[in-house]
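> heads up, no residue letters with this:
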């Protein structure tokens, strides 16, 4: 009996790890697209239905509305569905099938996500120092990426820019790893409470991701104080909001703070410049297509602003790194509003009274990395709890 349960747990963990890989890391492993890995996941999912054809109610109706809205907006833009748009829709459908799979196995994939990220954090915290102590242990994949036993990846560009590597786990960059760790921390700290929170925080610190840590550290501090002194935590949150508003009014102070904390200047760091522009220029460029968005690869409006104001353009396959702004630009405001509504339903269901804070955290994370249309995030949006989990606090 234990052996069967263990095998089922291993299968579920490996499947979720594969989904995390295609959501934010597999391209690093093979240096090609995700198509082959996604095809393998689809085969595994559909083979599971050969054992049983039972279809539990695993997908939320609101998620179906979102997928239909994405399809309608994609088609209405130029009266066809191109390869990239079809790929997004397929990822959304695969996420739904994955939710059915986990519901059938009676394994809450969100709780499993906490477990997978916990062990991933431990592995990366062990292997990350080895990249310094024994640099020869890292095998070169190409001019940019090297790997330590296939369980940790490091980038030469990080070494060139910061004079040291950043911990990026199995993901394509440290920022993606930081986002995933922050989400895992939220579920562990506020819902499942089964793993030590400091492991997620320490791993996130080793990513040195300015965006992820800017979200995680205030969030973690609030959670820590709130568990002991809720009123004090709420007062501190209000005061922090006032301080942030004052700081935002003084760009020089922001630059000094980030230079001190992260060793990166808001003015001279190209990565920061692009991310800020993806939010501001992306929103401005979308102003004339707010209803239906734009066809895939149409970055003309964005590039016109970027070239005029900053002297650069994006290639057609580059995309916008800010998931929320990118969604407005690609699919329009109505689809983005539906997306945020479905996300709100998810966090309200999972986090109760803490939902407004967690919604702000998750939305902030999606504005850091282009993960909003990944299979894993689609799964979070789609998943319908079983009764025993839905009532869990």
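Received the coordinates, thanks. All figures in this text were calculated on a predicted structure; none of them were measured in a lab. Numbers count the residues shown, from 1 in each chain.

> for the longest helix along the chain, packing partners?
Criterion DSSP state H: the longest helix present in the chain is helix 109-133. Here helix 109-133 touches helix 2-24, helix 83-104, strand 145-148, strand 152-155, helix 174-187, helix 197-207, helix 375-382, going by 3 or more C-beta pairs under 8 Å, 6 or more residues apart in numbering; DSSP states H and E. In this view, the C-beta of every residue, glycine as well, is placed from N, C-alpha and C.

> Present these as CSV; the columns should include distance to residue 332.
Shown next, in CSV, are these (distance: least, C-beta to C-beta, whole Å):
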stretch, distance to residue 332
helix 2-24, 24
helix 83-104, 13
strand 145-148, 36
strand 152-155, 34
helix 174-187, 25
helix 197-207, 33
helix 375-382, 18
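
> Single out the most deeply packed of these.
helix 174-187 (a mean of 27; mean count of other C-beta atoms under 10 Å).

> sorry, back to before: and the longest helix of the chain, which residues are buried?
Within helix 109-133, the residues that count as buried by 16 or more other C-beta atoms under 10 Å are 109-118, 120-121, 123-125, 127-128, 131.

> what's the angle from it to helix 2-24?
Between helix 109-133 and helix 2-24, the angle formed by their directions is 70 degrees, by axes from the mean of the first three to the mean of the last three C-alpha atoms, to 10 degrees.

> need the next SSE after helix 109-133, C-terminal direction.
strand 139-140 (DSSP states H and E).

> For stretch 197-214, what is the distance to the chain centroid?
14 Å (C-alpha atoms, centre = their mean, to the nearest Å).

> try stretch 359-370
Taking mean C-alpha positions (C-alpha atoms, centre = their mean), stretch 359-370 and its chain are 8 Å apart.

> Use 7 as the first number for this chain going forward.
Got it, the first residue is 7 from now on, which makes the last one we talked about stretch 365-376.

> Next, format the helices and strands packed on helix 115-139 as TSV and append distance to residue 354 and mean pLDDT.
Converted to TSV, the helices and strands packed on helix 115-139 look like this (distance: least, C-beta to C-beta, whole Å; pLDDT from 0 to 100):
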stretch	distance to residue 354	mean pLDDT
helix 8-30	23	85
helix 89-110	18	92
strand 151-154	39	82
strand 158-161	35	84
helix 180-193	14	96
helix 203-213	22	96
helix 381-388	13	96
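
> Looking at those, which is nearest to residue 226?
Proximity to residue 226 (C-beta to C-beta) singles out helix 203-213 among these, at 5.8 Å.

> Can you tell me the SS state at the closest residue in space to residue 281 that isn't next to it in sequence?
In this structure, residue 281 finds its nearest non-sequential neighbour in residue 327, 5.6 Å apart by C-beta to C-beta, 6 or more residues apart in numbering. Put simply, residue 327 is coil when judged by DSSP: H, G, I helix; E, B strand; the rest coil.

> List the residues that contact residue 327.
280-281, 284, 374-376 (C-beta atoms under 8 Å, 6 or more residues apart in numbering).

> By pLDDT, give me the weakest of the residues you listed.
Least confident of these in the model: residue 280, at 74.

> Give me the residues contacting the host helix or strand of that one.
Element membership for residue 280 (DSSP H and E) is helix 276-291. For helix 276-291, the external contacting residues (C-beta under 8 Å, 6+ apart) are 216-217, 270-272, 307-308, 310-312, 315-316, 326-328, 331-332, 334-335, 373-374.
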